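> got a predicted model here, sequence first, then my questions.
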Amino acid sequence: MKLIIDTDPGIDDAMAIAYAVAAPEIDLIGLTTVFGNTHVHQSSRNARFLLNKLGLDIPVAEGAAYPLGSDTHAPSEHVHGPEGFGDLTEILEIGSNHDLPAAEFLVEMARIHKGELVVCAVGPLTNIANAMRLDPEFTGNLGQLVIMGGAVFCSGNITEHAEANIYHDALAADEVFSAPPDTVLVGLDVTLKTLYETADFEDLARRSPDMGAFLRDISRFYLNFYREVGGLEGCGLHDSTAVIACSHGSMFNMVETGLRVETEGDRLGATQPDPARSVVRVCRNVDGAGVVRLFTERVASLP
């Protein structure tokens, strides 16, 4: 399966990218970056740093710096740290970004790999909306779009109503859901059922002394946030669960519904069923323990 991850690394993004590199059924052919957990230039730097650490030479195409219609963004430093990797603040600039911006890169790759490219979006959906605006054939050329976002049947995590990725560009999200391709939504309805605890990170570090230990180290900041804010002794495998859904759909129970996103007011970013819109497959339940096991097994195979 040919895969591009649209990402804002981010600690859980780093985990998802490591999983994708380790998974034998995935051919990761590029990363596109977006604002979100970090500023977009940090996202791109972090993505190139990760790929170098993983020994993979693939393009990183930088995308949107701000939500649609805005010229500001405040990163989630309290969740992911000032540079996106927890307490790690000195991150090397390695290599350079692809010549094409993210939306153009996505459009070109979808044309080249028509019908077989899967895009997994694990940040705000601005790059996806921009690709749809750029090329009306984009969604038809994709094999599948898998989105980590939304809280359709549960409470949000950035407000009572909204999940962070959708909230950070509600206009883009609503635009994507207005005319979706073959789309799977992997939201908080399932990702909070895939808790990865301190003991899991320690096990991963023992089995993968380089990459596993790196993920353990940067995740201490993230785990502390979950402990202090949510009272949880683990973090959701949010982005990794979305990548796993790209190839292991049988691990999920899904319902089909159209979706719309509130774009203003107190319910900004709320993702709600709308039967008048094209169908999206929304993950309603998951084999959480199975996802945790699969993540560990695959990432533990890395050095």
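Arrived safely, thanks for sending.

> figure out the helix or strand that Asp285 lives in.
Actually, residue 285 is Asn rather than Asp. strand 280-286 (DSSP states H and E).

> that should have said Glu256, apologies.
According to DSSP H and E, Glu256 maps onto strand 252-257.

> for whatever helix or strand comes next after that strand, buried residues please.
Of the helices and strands lying after strand 252-257 in sequence (DSSP H and E), the nearest is strand 259-261. Neighbour-count burial for strand 259-261, counted by 16 or more other C-beta atoms under 10 Å, picks out 259-261. (C-beta placed from N, C-alpha, C; glycine too.)

> what's in contact with stretch 266-279?
Contact partners of stretch 266-279, identified using C-beta atoms under 8 Å, 6 or more residues apart in numbering, comprise 149-152, 156, 158-159, 161-163, 166-168, 170, 173, 177-180, 185, 187, 256-262.

> hang on, the earlier thing: can you check what angle separates the strand holding Asn285 from strand 252-257?
Computed by axes from the mean of the first three to the mean of the last three C-alpha atoms, to 10 degrees, the angle separating strand 280-286 from strand 252-257 equals 140 degrees.

> returning to what we had before: just the buried positions in the strand holding Glu256, please.
252, 254-255, 257.

> now the two most distant members of the residues you listed.
The span of those, defined through C-beta to C-beta, is set by Phe252 and Thr257 at 14.8 Å.

> which strands border the strand holding Glu256, and is each parallel or antiparallel?
Strands adjacent to strand 252-257 in the sheet, as given by DSSP bridges, are strand 280-286 (antiparallel).

> off-centre distance for the helix or strand following the strand it pairs with?
Next in sequence after strand 280-286, counting helices and strands by DSSP H and E, comes helix 288-299. Mean-position distance between helix 288-299 and its chain equals 17 Å (C-alpha atoms, centre = their mean, to the nearest Å).

> go on, stretch 42-52?
14 Å.

> can you report how many residues neighbour Glu137?
As a burial measure, Glu137 scores 13 neighbours (other C-beta atoms under 10 Å).

> ignoring the adjacent residues along the chain, who's closest to it?
Distance criterion C-beta to C-beta, 6 or more residues apart in numbering; nearest residue to Glu137, sequence neighbours excluded, is Arg111 at 7.6 Å.

> the one you found in helix, strand or coil?
Classification of Arg111 using DSSP: H, G, I helix; E, B strand; the rest coil returns helix.

> check the gap between it and Gly187 for me.
To Gly187, Arg111 is 29 Å away according to C-beta to C-beta, to the nearest Å.

> which one of these two has more residues nearby?
A direct count of neighbours by other C-beta under 10 Å for Arg111 and Gly187 places Gly187 higher, at 27 against 13.

> tell me, how many residues neighbour the nearest residue to the more buried one once chain neighbours are set aside?
Spatial nearest neighbour of Gly187, chain neighbours left out: Gly150 (3.7 Å); criterion: C-beta to C-beta, 6+ apart. Gly150 has 29 neighbours, counted by other C-beta under 10 Å.

> check for me that Gly150 belongs to a strand.
No - Gly150 is assigned coil when assessed by three-state DSSP, not a strand.

> in contact with it, which residues?
163, 165-166, 173, 185, 187-189, 259, 271, 282.

> nearest to Phe35 among those residues?
Nearest to Phe35 among the contacts of Gly150, with distances taken as C-beta to C-beta, is Asn165, at 11.0 Å.

> list the buried residues of the helix or strand that the closest one is a member of.
For Asn165, the host element (DSSP H and E) is helix 164-168. Buried residues in helix 164-168, counting neighbours by 16+ other C-beta under 10 Å, are found at 164-168.

> what's the neighbour count on Thr241?
Close neighbours of Thr241, defined as other C-beta under 10 Å, add up to 31.

> again, but for Gly115
Residues contacting Gly115 under the criterion other C-beta under 10 Å number 10.

> how about it, nearest residue that isn't a chain neighbour?
Nearest non-adjacent residue to Gly115, counting by C-beta to C-beta, 6+ apart: Gly143, 5.5 Å away.
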